[in-house]
Structure formats: C-alpha cells, structure tokens
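>>> pasting a predicted model and its sequence here:
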Number of protein chains: 2
Amino acid sequence: MTRIAIDAMGGDYAPHEIIAGAVWAAYEYNVPIELVGKQKDIEVELNKIKQSGFISDCGNKGSKKRIKVNISQLDIKITDAQEVIGMGEHPGQALRKKKKSSIVLAVKSVADGTSDAVVAAGSTGAAMAASLFGLGRIAGITRPAICVTLPSLNKHVVVIDGGANAECTSEMLYQFAIMGSLFSKHILGVKNPRIGVLNIGEEDTKGNTLAQETHKLLDKNKDKFNFIGNIEGKDLLLDSCDVVVCDGFVGNVTLKVTEGTASLLFKLIKKEFQSSIFGGMVGMMAKRFLKNIYAKINYEEYGGMLLLGVNGVTVISHGRSKAYAIKNAVRVAKEAVETGLNKKITEFIQK
Amino acid sequence: MTRIAIDAMGGDYAPHEIIAGAVWAAYEYNVPIELVGKQKDIEVELNKIKQSGFISDCGNKGSKKRIKVNISQLDIKITDAQEVIGMGEHPGQALRKKKKSSIVLAVKSVADGTSDAVVAAGSTGAAMAASLFGLGRIAGITRPAICVTLPSLNKHVVVIDGGANAECTSEMLYQFAIMGSLFSKHILGVKNPRIGVLNIGEEDTKGNTLAQETHKLLDKNKDKFNFIGNIEGKDLLLDSCDVVVCDGFVGNVTLKVTEGTASLLFKLIKKEFQSSIFGGMVGMMAKRFLKNIYAKINYEEYGGMLLLGVNGVTVISHGRSKAYAIKNAVRVAKEAVETGLNKKITEFIQK
C-alpha cells in the first residue's frame, strides 16, 4: 500500500498542524504515513491526539469540526531527524550542511522504497533541491517543474512551471506542457486537456522570444496533444484552457498575483461592508456566501503543488498550510503514485 | 492652454464613446480638444450631442447620469484622417502603409505643437510605435515604457513596464524606476515613492538574472531614490510599495492576471448569490457595496496608461474604454503636460 513520508518539521505551523493533517489523512484515506522529524516532538503531538481522541483546530476556514480518530488503528511510523532546514536558509548550502535534516531523510525514504511519496510544507527551494538530488530526474526530462492547480470559474487550470526554474528554454516549456497535460488528464480527470502558452497577446507574433519559440514548438507537435495557442492573463481563470505553460518566474509571479488580488478584494469587501450600519447587516448575511467562495479559491483545497519530472513523487505545500491542506496534499501524493503518473510521463517522453 | 489630441477612431466603442468622452473632458476640465479621425463621422457625433444638449450613455458602471453640455461653448477642433489602424494589424506594417491614419496624425499634431498630448484607445502597438517614431525619445532614455496605475488597498501602485518591451535589460528597468518614481511623485502626489523590483522572493538572490541584476543596480543607486528591495506578487496590491519595476512581459501578464482574478471573483460572487432565494435577496442588498468596489478597482478611473520616455505625452487607454474612461485619460494627459513630467525626467536622467 502507498506510504506517504511527511516532513513533520516544515511549514509555519509545524509540527502541530502538519501532524494533525497527517493523522487526518491516514484516517480519511486509509493511507500509511511516515512522519519524519524530531522524534520527541512528534511523539508529544501524537500523544495529544491519542489522549483527546480527535484532531482539534484543523485550522482551515472552511471546516472547523473536530475529527474523531482512533490513532492506535492507524499505520503511522516515525523516522527521527534532528536537523531542520529553515525558510530563510539557502537551499543548496543547507542541504550540504544538514544531511540528516527532516526533508532530506523524508526524500531518502522515498528513494529507499520505504515510502512512495513525500509531502513537504517547509522551504520550497530545499524540497526541490532535496528531491532533485535524492530522487533524480525522469529519463529524458531536462528540468523538473512545479505543477500548480488553480481554481477557475467552473473547474481548474494547471499552471506549470509555478516557480522551479526562473530561467527556461522553449524545449523545457515543451516538456512542461507534456507533464502538465498528463497531470490534468490523470489526476484532474480532464479528457483532452487544452494546452496554452501564457502570453501577452493572442497572435503568435506576440510576446518575448521564449513565448514565441514555445508557441512554434508546441504548434509543430500539435498532433501529440491539444495545443490551443496563446492564453492571456485575463482569461487564465475563466475556463479558457486546462494547462498553461510559462517559465517559473512568470508562473510564480502569476500565482502570487492571483493570491494578492483575491486578498485585496476580500479586504475591500470587508471594508465596504464595515463602512455603515446597513453595510454591517448586509455583510453579516453575505458572510456565508463569501465563505463558500473563499473555500473554493483557497489553496488548501488543492493541498500542494506537485514537483513533476523527478523520479518519485514530491508534493510541496504552502508554507502556511494547516491540517486540512496537509490532508489534501497527502491525497494528491497518493493519487500521483496510484495513477502511475511518472510512468505515463516516461512513456510519453520516450515515444 | 494645453490642447489634447484624441484618436477618435481607436477603441471598441469608437467613435461614439470616444467623442462623448472628449466632449465631457472639454466641459469638465475646460481643456481644448482636437478630434482626429473621419471628419464626417465626427461631425455626426458632435451634432448629436449639440442637438440633445447632453452626453448620453457615458457607459461606465459607476455613473449613469446624463451630462449636460453646451457644445458651442467648448473649444473642439477636428482634424480629418481617413485611414484607421485596426486592432489586428501589425503595428509596424500598418504605420508604413497608413501614413494618414488617425493615430499617426494625432501624434503628428503633438510633434507639430498644435496639441500638447495624445490620447488613444486603439491598437496599443500602433500608438506606441506612432509615438516613438513621431515624437522620438527623451534624451538619454533607452526605451519608453508603459506606466500603469493599479488600485491598491488604500492608495495606488504604479507598475512599469506594463507591456512596451517584452525583453529588457537591467539598465532599462533602472530607467523605468526613475520614470515611474517621478510619475508617482508628480502625478499621484506620493511624497517619497517606494520603489520595488517585482520578484519571486524577498531575498536579493531570488529570481531570474534580470531581477537580480536590477536589484543590484537599484541598490547601488539608492541614494538617488527610495529603493526598498524585492516585491512579491502577493504584496503588490497591498500598499507595500508605490512603484514596481519589471519587464513588459511580466508587467503585462501581471496587469491582466489582476484583471482576470477580479473578474473571476465577481463572477463567483454573482453565482453564489444566485444559488438560492435567500442568496438572491442578500445579493440585491449587497449590490450597492459591490458596485463601489467595482468602481474602485475599475480601470476607467485611471483613464489610461502613460507611455513614459517619449518626447511628448501619450496616454494609451483600454480598448474597451467608454466615455468616462476617455474623460479620465484626458485628465491624466493634461496633468502630465502641466506638471512638466518629461522635463523632470530629462533633468533626473542628465544629473
């Protein structure tokens, strides 16, 4: 059965929320878990859950219910790791120095075959570097990329690369398109995913050299997948496309700008309702509806971003992940393992 | 007195809305206007306004009132231009072919000194190319850039370059920072504008080569302006910075992603309220508040983007501009002329 290794020390709310999410996932998906981190800290958290009999404060804004769990019935093992890589550390230097850090040992566990996938909410750079060094690349893949699922009007859109490679070539973006398309098909269940290039105009002569060359390369190979041309930022979230490719710099800016814009709008809505007594009343009644929207666009639903192209499964969760996000990240990891996504990527690349 | 030349034929709602906006501006700001385009079409529109005595259907969602104008008291001249450059045409080719197009003659009018600034809502590429060829660059400026004002939580943020240059060097971004900072100071009234580099992390080692080199260059010159380091997309609209520099590809993606995210959220809110009878009632009550927010984040308020670095004043308006947006674009153009923004840029560059 698929076992998921989790870096119990990574993320703003580690280890408490990470372990709560791990236990929740073990219970809800019936999946064996390997918690990697400071053994004593992990034991303290597990004991708390054991004694209370439930996971409290699961933290996501959508669901505040307590989850009843009988921890003794769950398959949870601990791997001790005394070192932790902090968010501010340089990934490369930290990896060389901290060879027994929780993220390194969690990845090692996948490389060894003890676990099948790793979930990490700590430093994104450290998780990427540890995965790349520890698991290697899928044969034929030049560079792994971060594959992010964003909510769109009626479904989802995949953005790849979400930040692994600040500088890219069109050949890399071509491979990202393949990986993103297979993710969309096998994990999100989209039949014939529409692939687009993130660009600043619809015409193929628009954009920078990278966007133009990528457009050409995808167009030349359009018998292999469903390439639909350029996608502009304004249409990104409006169901016009299933997979959008771009370099990791543009992709990461895009993700964070959507996050920032949504944050601005919710703040403005709150402010507007608070500006009068009638507004306050309407705001109270509207709260429930706005909460539903917040839950829909909340990154916690997607649990994390898959690092595609490494020879293993790594899910990188948001640094602010609480239990609910971690639980969903485990689900994504489990699905990636069980659908054999990497095998499908390998087969496509070798064709 | 400052006269503003307006390409009457450019934009999705030309000439009707463009001319309505021009007349509105002439009336509200007491500014002489030069309408450039097909003389007969312009006369028909002006006659309609003359006969009715007001501008009807001013089109923006914030204000639907009729504006009473006595057109015979306004200083409005017409310059005939029989050719029009369409949105789909290649800017360079179209400019070579259509030497008497409305955008070319509007720019020429500024070059000749007949008018002091040009406002255009047609093809952005054509407006940029016509301005660059017709007006030339400010001495010392390598490349003009599009300067966009976005709404933020409590004020505004300037993004430069918003799309003029898909490929940039750090030296270009350095000049964009200077121009954006002077715009923020003299047009938006920000005392000591905070300048940031749009990047994918806070540390100076983050991002692509361009972002890193720009960070270094700005940091080296920080005695000349208020450089505060890197800005991430999630903080862009939350008042963390006054001027954000990036290349035109990233800038244009950023603008359109903010537009797309806002559009998604308003659609989701509408859908959510429509999902039940109670929701419909709450939605009706909330409408007024949401409208205020829509008006706040609406591009029409800002009227257009300034093309900074050309030896003249060019305001490029959104293709979907209606009268209200055009009126505000004229205001921006007038302010740029009257504050002597270009002279201030020249002085700074020569220092």
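Everything's here; your move. Numbers count the residues shown, from 1 in each chain, chains lettered A, B, ... in the order given.
>>> buried set for the helix or strand containing A:Ile103?
According to DSSP states H and E, A:Ile103 maps onto helix A:102-112. Using 16 or more other C-beta atoms under 10 Å in any protein chain shown as the burial criterion, the residues of helix A:102-112 that qualify are A:Ser102, A:Ile103, A:Val104, A:Leu105, A:Ala106, A:Val107, A:Lys108, A:Ser109, A:Val110, A:Ala111. Bear in mind the C-beta positions are built from the backbone N, C-alpha and C, glycine included.
>>> which SS state does A:Phe46 fall under?
No, residue A:46 isn't Phe; it's Leu. Following DSSP: H, G, I helix; E, B strand; the rest coil, we place A:Leu46 in the helix state.
>>> for it, what are its contacts?
The neighbourhood of A:Leu46, defined by C-beta atoms under 8 Å, 6 or more residues apart in numbering or on different chains, consists of A:Ile19, A:Val23, A:Leu35, A:Ile71, A:Ile76, A:Ile78.
>>> return the subset of these lying in strands.
Among these, the members falling in strands are A:Leu35, A:Ile76, A:Ile78 (criterion: DSSP state E).
>>> who wins on neighbours among those residues?
Highest neighbour count within the ones in strands among the contacts of A:Leu46, by other C-beta atoms under 10 Å in any protein chain shown: A:Leu35, with 30 neighbours.
>>> how many other residues sit next to the closest residue to that residue other than its chain neighbours?
What sits nearest to A:Leu35 in space, not counting adjacent residues and going by C-beta to C-beta, 6 or more residues apart in numbering or on different chains, is A:Ala8, at 4.6 Å. Using other C-beta under 10 Å, A:Ala8 has 34 other residues around it.
>>> now do the contacts for A:Ala8.
By C-beta under 8 Å, 6+ apart, A:Ala8 lies in contact with A:Ala14, A:Pro15, A:Ile18, A:Ile19, A:Ala22, A:Leu35, A:Val36, A:Gly37, A:Lys38, A:Asp41, A:Ile42, A:Ser102.
>>> so which residue of the stretch 101-250 of chain A comes closest to chain B?
Closest to chain B within the stretch 101-250 of chain A is A:Gly233: 3.1 Å, counting by C-beta to the nearest C-beta.
>>> grab the longest helix from chain A for me.
With DSSP state H setting the assignment, residue counts place helix A:248-273 as the longest helix in chain A.
>>> any idea which element the closest residue to A:Val104 other than its chain neighbours lies in?
Leaving out its chain neighbours, the residue that sits closest to A:Val104 by C-beta to C-beta, 6+ apart is A:Ala130, at 5.2 Å. Using DSSP H and E, the element containing A:Ala130 is helix A:124-135.
>>> could I get the buried residue list for that helix?
For helix A:124-135, burial by neighbour count (16+ other C-beta under 10 Å) applies to A:Thr124, A:Gly125, A:Ala126, A:Ala127, A:Met128, A:Ala129, A:Ala130, A:Ser131, A:Leu132, A:Gly134, A:Leu135.
>>> do the same with stretch A:18-29
Buried residues in stretch A:18-29, counted by 16+ other C-beta under 10 Å: A:Ile18, A:Ile19, A:Ala20, A:Gly21, A:Ala22, A:Val23, A:Trp24, A:Ala25, A:Ala26, A:Tyr27, A:Tyr29.
>>> may I have it exported as CSV, CA atoms only?
Output of stretch A:18-29 as CSV, limited to C-alpha atoms (Å, rounded to 0.1, in the frame of the first residue of the first chain):
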residue,chain,number,x,y,z
ILE,A,18,1.4,19.0,9.9
ILE,A,19,1.0,16.0,12.2
ALA,A,20,-2.7,16.7,12.7
GLY,A,21,-3.1,16.7,8.9
ALA,A,22,-1.0,13.6,8.5
VAL,A,23,-3.2,11.7,11.1
TRP,A,24,-6.3,13.1,9.4
ALA,A,25,-5.1,11.8,6.0
ALA,A,26,-4.2,8.4,7.5
TYR,A,27,-7.7,8.1,8.9
GLU,A,28,-9.7,9.5,5.9
TYR,A,29,-7.8,7.9,3.0
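>>> contacting residues around that stretch?
By C-beta under 8 Å, 6+ apart, the residues outside stretch A:18-29 that reach it are A:4, A:6-11, A:31-33, A:35, A:42, A:45-46, A:49, A:55-59, A:67, A:69, A:71, A:74-76, A:121, A:321-327, A:329-331, A:334.
>>> those in strands, which ones?
Among the contacts of stretch A:18-29, the ones falling in strands (DSSP E) are A:Ile4, A:Ile6, A:Asp7, A:Ile33, A:Leu35, A:Ile55, A:Ile67, A:Ile76.
>>> please name the nearest non-neighbouring residue to A:Val330.
Distance criterion C-beta to C-beta, 6+ apart; nearest residue to A:Val330, sequence neighbours excluded, is A:Ala25 at 3.6 Å.
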